[in-house]
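sequence first, predicted coordinates after that:
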Amino acid sequence: MESILALTHVDESGSLTKASLEIVTAAAELASRLGASLTMGIVAPDAKTAATTPAPAGARLLAVTGEAFAQARYASDAAACEALCRAAQATIVLAPTGSRFARVLAGVAYRLGGVIDTHLTAIGGAESVEATRWFYRQRIEGILSREARPWFLLLEAGTHAAFTADSADAQVEQVPVELPALRTTVSGLRAPAQGAQTIRPDAKLLFVAGAGWTKKQSDGKVHAAEAGELILGFLRLAGASLGSSKSLVDQGGDGQPVLPFLTHMNQIGQTGATPRHAKGLSTCCHGEEPHVVGWRFIGERRAISLDPNCGWTRGKADVVYVADAFEVMAKLNGLLDAHKG
Ligand SMILES: Cc1cc2nc3c(=O)[nH]c(=O)nc-3n(C[C@H](O)[C@H](O)[C@H](O)COP(=O)(O)OP(=O)(O)OC[C@H]3O[C@@H](n4cnc5c(N)ncnc54)[C@H](O)[C@@H]3O)c2cc1C
């Protein structure tokens, strides 16, 4: 019988991260489908957090706690995960593909003589485990199954519902960890230069800016400053995440007018990111294939472009507004502002 471990960790606020809660859902589903035992492993700075964590009924709860685990660091995180896996005697380990676990779990799998697959989007199979992931920039879907154990499965965020339950009084077993010599000291976090975090994976809406924002407009002039204000205003009012076309983020290197808050991290597409959001709104972008590839997992797509023959109007968006995005976004921001007030 498989022994399933859901590996989770808390964020700065002391709660389990949303990606961790998604792992709990995925692990509970898998355990019930396979009739397997379920253990939840928590990495947290203090024992109180671990004790108030929502857990699936019947699951065994293990925790590694201590100040050394307050922040991400390879040596301490790898030791914590290894200890949890050994204590759970896990054959299948589910964990979120976040920056914290993604960088340590290949090493942990090696220490345990196991195998690992990353960037998974689904786990199926009635009697065996079948893990799904996309290859070649989300164009080919592969289904993997393995005999080797323990098998580490890192799931992408946004692929499962976050687990919710009343904080149960489950008994938490503390797992001791022998820490190796810690050569890395975490001195703090440094925020992006502009102070505005524009990439928000948990946002309902992805707002995408295209190169049109910095092109000459009908008056023959560029309005980059106004574009920046409209875009940042919308992000603030709607709580949206910001994406960009490649043309727009490339412009800085070409010496053209730029939006200073955009980096290549914002780029959506074949050579950029493939985020998951319920809705997406593209503005001043042509909707070319290499860009639209990155919209694969966006639920509902809308676009605003001046060009009635752009790629979006050719079947790539659910709704296209053939209109001036400067005018539409100014109006939209005004409505959102009024609604807020
Ligand atoms: C191998 C390869 C990989 C690539 N990977 C990516 C990728 O990952 N991501 C990506 O984005 N691209 C990628 N590209 C580039 C892609 O093909 C396009 O060149 C790029 O997406 C175009 O960006 P854009 O639509 O913002 O700019 P443009 O094509 O210049 O379009 C600008 C649009 O803005 C509209 N516009 C202008 N002013 C306004 C206004 N006031 N209101 C409304 N609309 C307005 C115009 O009508 C026009 O349609 C890749 C290309 C290759 C060859």
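In hand now; what should we look at? What you see is a predicted model, and the numbers here were worked out from it, not measured in a lab. Residues are numbered from 1 along each chain as shown.

okay, CA-based contacts and neighbour counts for the rest of this
OK.

mind showing which ranges of the stretch 151-300 of the chain have poor pLDDT?
Applying pLDDT under 70 to the stretch 151-300 of the chain flags residues 166-169, 191-196, 254-255, 257.

so which bits of the protein are right by the ligand?
Within the chain, the positions adjacent to the ligand are 210-213, 245-248, 267-272, 284-288, 290-291, 304-307, 310, 323-326 by CA under 6 Å from any ligand atom.

narrow the residues you listed to those that are buried.
210-213, 245-246, 248, 267-270, 272, 284-287, 291, 304-307, 310, 323-326 (16 or more other CA atoms under 10 Å).

just the residues of the chain next to the ligand: which are in strands?
Among the residues of the chain next to the ligand, the ones falling in strands (DSSP state E) are 304-305.

any idea how the chain splits into domains?
3-174, 205-340 (automatic domain parsing).

so for stretch 275-284, what gets flagged as buried?
275-277, 279-284.

start and end of stretch 321-328, how far apart?
Length of stretch 321-328, first residue to last, CA to CA, to the nearest Å: 9 Å.

where do the strands sit along the protein?
With DSSP E as the criterion, the chain has strands spanning 3-9, 37-44, 60-65, 92-96, 115-124, 130-135, 140-144, 151-155, 172-174, 205-209, 241-244, 279-283, 300-305, 319-322.

I'd like the ones you listed as JSON lines, with distance to A72 appended.
Shown next, in JSON lines, are the strands of the chain (distance: least, CA to CA, whole Å):
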{"stretch": "strand 3-9", "distance to A72": "10"}
{"stretch": "strand 37-44", "distance to A72": "10"}
{"stretch": "strand 60-65", "distance to A72": "13"}
{"stretch": "strand 92-96", "distance to A72": "14"}
{"stretch": "strand 115-124", "distance to A72": "19"}
{"stretch": "strand 130-135", "distance to A72": "26"}
{"stretch": "strand 140-144", "distance to A72": "29"}
{"stretch": "strand 151-155", "distance to A72": "17"}
{"stretch": "strand 172-174", "distance to A72": "20"}
{"stretch": "strand 205-209", "distance to A72": "28"}
{"stretch": "strand 241-244", "distance to A72": "24"}
{"stretch": "strand 279-283", "distance to A72": "31"}
{"stretch": "strand 300-305", "distance to A72": "35"}
{"stretch": "strand 319-322", "distance to A72": "42"}
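
coming back round to it: farthest pair within the buried residues of stretch 275-284?
R276 and C284 (20.8 Å; CA to CA).

the helices in the protein, which residues?
18-34, 47-51, 74-88, 99-102, 105-111, 224-238, 246-250, 289-292, 325-340 (DSSP state H).

looking at those, which is buried most?
Mean neighbour count (mean count of other CA atoms under 10 Å) peaks for helix 18-34 among these, with a mean of 23.

now do that one against strand 115-124, angle only.
For helix 18-34 against strand 115-124, the angle by axes from the mean of the first three to the mean of the last three CA atoms, to 10 degrees is 70 degrees.

quick one: work out the angle between helix 18-34 and strand 92-96.
Using the same axes, to 10 degrees: helix 18-34 against strand 92-96 is 150 degrees.
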